[in-house]
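> build me a model from this:
(2 chains)
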Amino acid sequence: MGRYVVKRVLLAFFTIVIITIITFFTMNAVPGGPFNSEKASSPEVKAALEKRYNLDKPLPEQYIIYVKGLVHGDMGISTKTGRDIAETIFGSFKVSATIGGMAAALAILTGIVLGSIAALYRNTWADRFIVFISTLMTAVPSFVLATLLLYVFCIKLGWIQVWSTENSNYLLPVLALSMYPMAYITRLTKTSMLEVLGQDYVRTAKAKGVAPTKVIFKHALRNALIPVITYVGPMLASILTGSMVVESIFTVGGLGSKFVTGINNRDYPMIMGTTIFLAVLMVTMNLISDLIYKMVDPRITFD
Amino acid sequence: MKKATAMFLSLALVMTTLAGCGQTMNSATGETQSAEEAVVADDAAATEEGAEATAEVSESVAGLVELANSLQGASYNEAAPDWTEYESLISQIKSETDYANREALMHQAEDILMATGAVLPIYYYNDIYMLRDGISNIYSNLYGFKYFMYAEGVEGGVLNANLASEPAKLDPALNSSVDGACLAVNSFAGLYTYDANGELQPALADSYTVSDDGLVYTITMKEGLKWSDGSDLTANDIVYSWKRAAADETAADYAYMFDNIKDANGEVNVVADDDHTLTVTLGAPCAYFLDLMAFPAFYPVQQAAVESAADWEANPGAWCQEAGFVSSGAYVLKEWTHDESMVYVKNPYYYDAENVTVDELHFMLSADDTAIFSAYNAGDVDFIDSVPTDAIASLLENSEFYIVPNLGTYYAAFNVNSELFAGKTATQAALMRIALTLLIDRDYIVQNIGQTGQEVATAFIPAGMLDGNGGVFKTNDDAYTYPNADTTGYFTDSYSAECVEDARILLEMAGYEFDENGMLSESTPISLNYLTNDGTGHIKVAEAMQQDFAELGIEMTITSEEWNVFLDDRKAGNFDFAREGWLADFNDPINMLEMWTAASGNNDCQFGRE
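Below is the predicted model:
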C-alpha cells in the first residue's frame, strides 16, 4: 500500500510536469497576447509591460523562470490586474469550494438515496418518478437551470436577492451546481445496485435470513458504490473549482470563471496557475478515490 | 492647389446649373476634365473616366469624389494612397500655435482620410443606462464616466449600482477601461472635473492663468486639501503623479497623453512653485488641456501609498488592489469582495464633502446581462450601465431608460494594402471603397441593430466634438465647408436608390463593369471578407452590410474571431475589411486623426506602411 502510494505520487508529479509544459507552450502558440486592447498601447508601454512579465525573453527561458518561481511558491502576478495569482486562485477557490462542497454533499447523499430507492422499488411509481427527474436533470444545461432558479426565486417569488453586499446566499448556486451530479449519481447507483442485488452473495445473505436492511446496507450498497466512487473523484475536482456559468449568473467570486477569463485575456500566469491547480486537484482526487476502493472492496489489490 | 480646383469645379457646376442650358453644361464638363488632368496627370484613362462621372454622381457625394480624384499612389504600392501629406499635416497640427490654422489643418487631414474611402463611418456612439425613478442628478460625461456623488432621492443614502465586472485596475494612472474611469472619478479627484452640464469645473484646482502664447499654465490649487488619510495633498503630489504616469517603467496605457507636456529631455515639464501653485509648460498650445486635467490618468496618487506596496516597482498598481487604499475623491473603498461587490464610503476629507449627497456606493461586480437586468428588476440595484440587447426595444419608452451622447464613432475600415485593390490606382481604389460606403443603409443599422437612436455618421470625427478653437468641429463655417454641406460630412445621411446609383457610377470609374441587369459583371467580380469579433451586434451589422453589397452583386463573406485573435489580425492588417470603433479619449479631433499615422499602433488601415 505504502509503495503503491509513493508510486502514484511520483506518477502524479510527472503528469503535472508534462501538463505545465504542454499548457505553457500551447498558450504561447495561440494567437493574441495579454496586452492587446481595442486601443493599442504605445511601443514603449508595450515593451515595458513585456519586460515586466519577462515576455521579452525566449520561451524556454520564460518557462524556466516560471517553474523556478513556482517551486518557491510564486505563481506570478496577473497580466490583466497585477494581482497575485496564488492569492486570487486560493481566495476564489475558497468560495468555489464552499459552494461546490455543499453541492457535492447534496448530490452524493441525495443521489445515493434516490438511486437505491429506485433500484429497490423497481418499476413502481417512485422508480419512474426518480428516473424521470434524473433524466431531465442530466439533460438540462446548467445555464438554463441557473437562469430558471434566478427567475423563480429572485424575480417571481422575491425570496432571495439577486445580489447584495451582505452575506452571500449560496442556496441557489448550490442547487444549480448539484443537480447534474445528483442525477448522474442517482442513475449510477440504481444501475449498479440492481446488478449487485442479483449477485450470488446477496442471494446467499438473504437465504441465510440476514435482516433485509443489513443486506442492503452491509452487502449490497457497499459494493454498488464502487462505480459511484469512480465518478465522484473527478466530479469533486470539477465541482469544487466552480462553474463559470453558475458564478456569473449568481455573482459569485469563484474560481470557475478564472479559467475562462484567463484564457480570454491571454493572462499567461493565470492560465498556468489555474491549470496547475486543477491538475493537482484532479490527480489528488483520483488517487484518493482509488484508495477508497480498497477500503470498500477488499477484492481490489494494489500492484 | 487641390482646393482651388475643387472650388473652381463647384463654381462652374453651379453657374451652369443656374444658366439651365445643356450646351453650356457640356462645355463646363470639358473644362472640368482639363482641370482634373492637371491633378492626376499620371493616369490619363482614370482621370478621363473620373471626370466624366463626376458630373454624373449626385451632388451629395460629388465633393468627396473630387477629393478622391486628387489622391496619389504610394511609392511602394500604387493602390495605396500616398501618406506623406497626411503625416506632415499631423505633425503640423501638433505644433501649430494658431487655433484657427490648427482647425483648418485638421479639416484637411480629415479630407484626406475620408477621400481614401478606407474609413467607413457607420454611426456615432451613444451610451445608455437605467436609473430608478425618483433618483436624479447622476450624470455622465461624453466619455461615459458616471458621477454618482451628488445624486438626489437615494433611499437610506446607499446607492446600489452595477457598472461592469471586476475592474482590472483601480490606479487612475493605469486604468484604461470606462468602468475603471467611473470608479476613478468617484474615488479620486483631479485638478478639474465635469459638472452635470458637461462643463469643466475646478476640483482640486482653484483657478489657472495661461500665458499669451498658450504654453505656460499656472494653476493655483485650493487651500487645505487632504488625502483620505488626513495628510496634506499638495502641488508636489501632482508633480509626482504626472511624472509617474508618464514614465516608461509605469507602463500606463495613457502615458502618451503627457507627450505635449514633455521638455526636450523627455521630462514632464511640471513644477511645484509652492504647496499650492503649479507651473506647467506645454510643447504646443493645447485647447483641451483642462479636459486632460479632468481625465483620470492626470489624477494625483499619494507617493507614500504607492510605495507602501511590497513590490511597487515591479508592480506599480499593487497599492490599490485591495480595499483601504488612500485616495482623494468623494469616496474611499472600504470593502472589496472580488468578483462580487465593492463598498465605497464617503471620504470626509474630500474637498467638496459637504455637497456629497450619497453616503455609500455599493457596486455589484457582474458583466452577466441576465443577472444585471434581473437585479435591477428585482430592485436590488438602482443603476445599471448595460441592458440585454433583446430588451432595448421594449425599454425605449421607459422613463428609467436613459440615452446620453458619447464621443466616438462606430465604423468599418479597409486595409489599403489588401489584395482587393491590386492593379488599381490609389484613386480607383478609393472610389471603389467610397462606392461600398454608399451602398450601406445606415438608417437600417441604427434602427434595427443599434436601436438607441444613434446618429448616422457622415464623417469620421463625431458630431459634437469640439474644434479646439471655441466651436464644434463638425460644422460649416466661413473657413471650411464640408464636401456635403447639408450633412456637414462627406456623403448623405439618408439611404436611397440614388446612393446605389452613385455607387454603380463610382465602381465603373474604378474599372468595374456591369451587366444588363445592373449587376456587377462576371468579368470584374468583387468578393471581400469582413473581419469582426464575436458579438451578436457586430455580426448583425456585418450581415446588413452583406445584404446591401449584394444589391450590386458584390460578395462579402464574414469571419468572426475571438476578441484577442481579432485584435492581433486587425492590427497586423490580416484583413480586407474589418469592424472598428473608437471612443475619444479627449475632446479634440487630433485624438482621432493621429491614430492614422504610419507609426501609430491603431493604424489598422495600414496607411503609409509597406
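> every contact and neighbour count from this point should use C-alpha atoms.
Noted.
> next, residue B:603: phi, psi?
phi -80, psi 70 (degrees, to the nearest 10).
> if I pick residue B:557, what's in contact with it?
Contact analysis of residue B:557 by Cα atoms under 8 Å, 6 or more residues apart in numbering or on different chains lists B:527, B:528, B:529, B:530, B:546.
> state the helix or strand in which it lies.
Using DSSP states H and E, residue B:557 maps to strand B:555-561.
> that strand pairs with which strands?
strand B:527-533 (parallel) (DSSP bridges).
> buried sites along the partner strand?
Using 16 or more other Cα atoms under 10 Å in any protein chain shown as the test for burial, strand B:527-533 gives B:528, B:529, B:530, B:531, B:532, B:533.
> try stretch A:240-255
Judged by neighbour count using 16+ other Cα under 10 Å, the buried positions of stretch A:240-255 are A:240-255.
> filter those residues down to the ones near chain B?
A:248, A:249, A:250, A:251, A:252, A:253, A:254 (Cα under 8 Å from any Cα of the partner chain).
> which of those residues fall within helices?
A:248, A:249 (DSSP state H).
> just give me the closest of the ones next to chain B among the buried residues of stretch A:240-255 to chain B.
Of all these, chain B sits closest to residue A:253, with 4.4 Å by Cα to the nearest Cα.
> number of residues surrounding the residue nearest to the closest one when sequence neighbours are not counted?
Here the nearest residue to residue A:253 in space, its sequence neighbours aside, is residue B:339; by Cα to Cα, 6 or more residues apart in numbering or on different chains that works out to 4.4 Å. Residues within reach of residue B:339, counting by other Cα atoms under 10 Å in any protein chain shown, total 23.
> what do you get for residue A:1?
11.
> and the pLDDT for it?
Note on residue A:1: pLDDT of 71.
> then residue B:357?
Residue B:357 is given a pLDDT of 97.
> how near is residue B:183 to residue A:300?
Applying Cα to Cα, to the nearest Å, the value for residue B:183 to residue A:300 is 60 Å.
> that older thread, among the buried residues of stretch A:240-255, which are in strands?
In strands, judged by DSSP state E, none of those are found.
> does stretch B:249-266 reach chain A?
Yes - under the criterion of Cα under 8 Å from any Cα, stretch B:249-266 makes contact with chain A via B:249, B:250, B:251, B:252, B:253, B:254, B:255, B:256.
> with neighbour count added, can I get the residues you listed in a markdown table?
Below are the residues of stretch B:249-266 next to chain A laid out as a markdown table (neighbours: other Cα atoms under 10 Å in any protein chain shown):
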| residue | neighbour count |
| --- | --- |
| B:249 | 19 |
| B:250 | 23 |
| B:251 | 24 |
| B:252 | 28 |
| B:253 | 23 |
| B:254 | 22 |
| B:255 | 24 |
| B:256 | 16 |
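> now, among those residues, which is nearest to chain A?
Set against chain A, the nearest of the residues of stretch B:249-266 next to chain A by Cα to the nearest Cα is residue B:251 (4.5 Å).
> show the pLDDT at that closest one.
So, for residue B:251, pLDDT stands at 93.
> in what helix or strand does the residue lying closest to it once chain neighbours are set aside lie?
The spatially closest residue to residue B:251, leaving aside those adjacent along the chain, is residue A:45, at 4.5 Å (Cα to Cα, 6+ apart). Element membership for residue A:45, per DSSP H and E: helix A:43-52.
> quick check: residues of the stretch 1-150 of chain A near chain B?
Residues of the stretch 1-150 of chain A lying near chain B (Cα under 8 Å from any Cα): A:31-33, A:36-46, A:48-49, A:52, A:80-83, A:147.
> which of those residues are buried? Put it as a ChimeraX command.
This is how ChimeraX selects the buried members of the residues of the stretch 1-150 of chain A next to chain B, with burial counted by 16+ other Cα under 10 Å:
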select /A:32,33,36,38,40,41,42,44,45,46,48,49,52,80,81,82,83,147
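> now the longest helix along chain A, how far from the centre of its chain.
Ranked by residue count under DSSP H, the longest helix found in chain A is helix A:85-120. In terms of Cα atoms, centre = their mean, to the nearest Å, the centre of helix A:85-120 is found 8 Å from the chain centre.
> can you give me the helices for chain A?
Assigned by DSSP H, the helices in chain A fall at A:2-29, A:43-52, A:59-71, A:85-120, A:125-139, A:142-149, A:171-197, A:200-207, A:212-214, A:222-240, A:244-249, A:256-264, A:268-296.
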